[in-house]
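**Student:** sequence and predicted structure below; questions after.
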Protein chains: 2
Amino acid sequence: MDEALRAVADPTRRAILMLVRDEEVSAGVIAGHFPGISRPAVSQHLGILVAAGLVTVRRAGNRRYYRLRREGLAEAATFMETMWSAPLARLKEAAEREERARTDDEEARG
Amino acid sequence: MDEALRAVADPTRRAILMLVRDEEVSAGVIAGHFPGISRPAVSQHLGILVAAGLVTVRRAGNRRYYRLRREGLAEAATFMETMWSAPLARLKEAAEREERARTDDEEARG
DNA sequence: TAAGTATTTAAGCAACATCTTACACAGCTT
DNA sequence: AAGCTGTGTAAGATGTTGCTTAAATACTTA
C-alpha cells in the first residue's frame, strides 16, 4: 500500500494514471501529454507506477503499452474508505462480518 | 488534493489518522504510540496533517486535541473511486449526470 | 547491416522530506 | 512568582525525489 500511495501522491503520475485508465497507451503518446518534462522523466514515472503495481506494461515491437492495473489500488482504496466511513458504519460492517463468520461456522459444522 | 495525498503517503501519518479517526486524542497520547520517533517529529507530522486539512485541532488548557477531518479526504477519495470504477460504471455515471442535468433543466423551464 | 525510431538506463544535481537535538512558549500548580 | 508539564518551533544533518542530459538498448526498415 505504501508504494501505491507514494506513487499516487505525485500529480504527474496521477495524470498518467488517468491517461491509461481505460485503454493501453504507449510511452511516447503518454510523454506527448507532458510537454513540460522530458521523455526520460516520464519513463521514470512509468517505472515507479509499474513497480507500485498500479500499471502493467505490454511490449509490442518497438513500443511499450501501459495500462491501469486496478487491483494495485485496492489497499489504498480500502484505507480511504476506512477513514471515510463514519464510526457507526464501521460498527455495522464489523457486525456483519461477525454475522457472516458465525453463519459460515454453522454451515461448516453442518 | 495534492497536499492530502502527499500527507497520506507517509505511514506514520496514516497511523496517526487511524488513531484520531473516531475520537479526539492529545498530542502526547499520539506521540506515545510512536516510541520509535521523537515528540517533535510527531508534532511535525500533526502540523502537516492539519495543513492538509486532514485533522482539526482543539486547544484545551495545556493540551491540544486532534481529530480526523473527513472532508479533507473527499477529493482524494473521489480520485480513488474514479480510478477504481470500471469504464462501464463511469459511462453509466456520466449518463446519469446528464439525465439529471436534463431533468433539472426541464424543471427550471417549468 | 546500417541507419532510424521508441524507449529506458546512468549519472549528477537541486529541491524537498524527515528526523534529531536544543530551545521557546503557554498554561497549570504550588 | 517559580517551576513543572505539554507542546510547538528552529536549525541542521541526512536521505529521498524528480528532474536533466548523455548514453545505451531493442526493434524496424531500407
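**Tutor:** Thanks, I have the structure now.
**Student:** by mean pLDDT, flag the weakest helix or strand of chain A.
**Tutor:** helix A:87-109 (a mean of 63; mean pLDDT, DSSP states H and E).
**Student:** show me the contacts for the residue nearest to A:L46 when sequence neighbours are not counted.
**Tutor:** Nearest residue to A:L46, sequence neighbours excluded (Cβ to Cβ, 6 or more residues apart in numbering or on different chains): A:Y66, at 6.0 Å. Every C-beta, even on glycine, is put in place using the N, C-alpha and C of the backbone. By Cβ atoms under 8 Å, 6 or more residues apart in numbering or on different chains, the residues touching A:Y66 are A:16, A:20, A:24-27, A:30, A:46, A:49-50, A:55-57.
**Student:** among those, name the ones in helices.
**Tutor:** Cross-referencing the contacts of A:Y66 against helices under DSSP state H gives A:16, A:27, A:30, A:46, A:49-50.
**Student:** list, out of those residues, those positioned next to DNA strand C.
**Tutor:** With Cβ under 7 Å from any atom of the strand as the criterion, the ones in helices among the contacts of A:Y66 include A:27, A:46 near DNA strand C.
**Student:** closest one of the ones in helices among the contacts of A:Y66 to A:D2?
**Tutor:** A:L49 (14.5 Å; Cβ to Cβ).
**Student:** burial count for the closest one?
**Tutor:** When neighbours are counted by other Cβ atoms under 10 Å in any protein chain shown, A:L49 registers 26.
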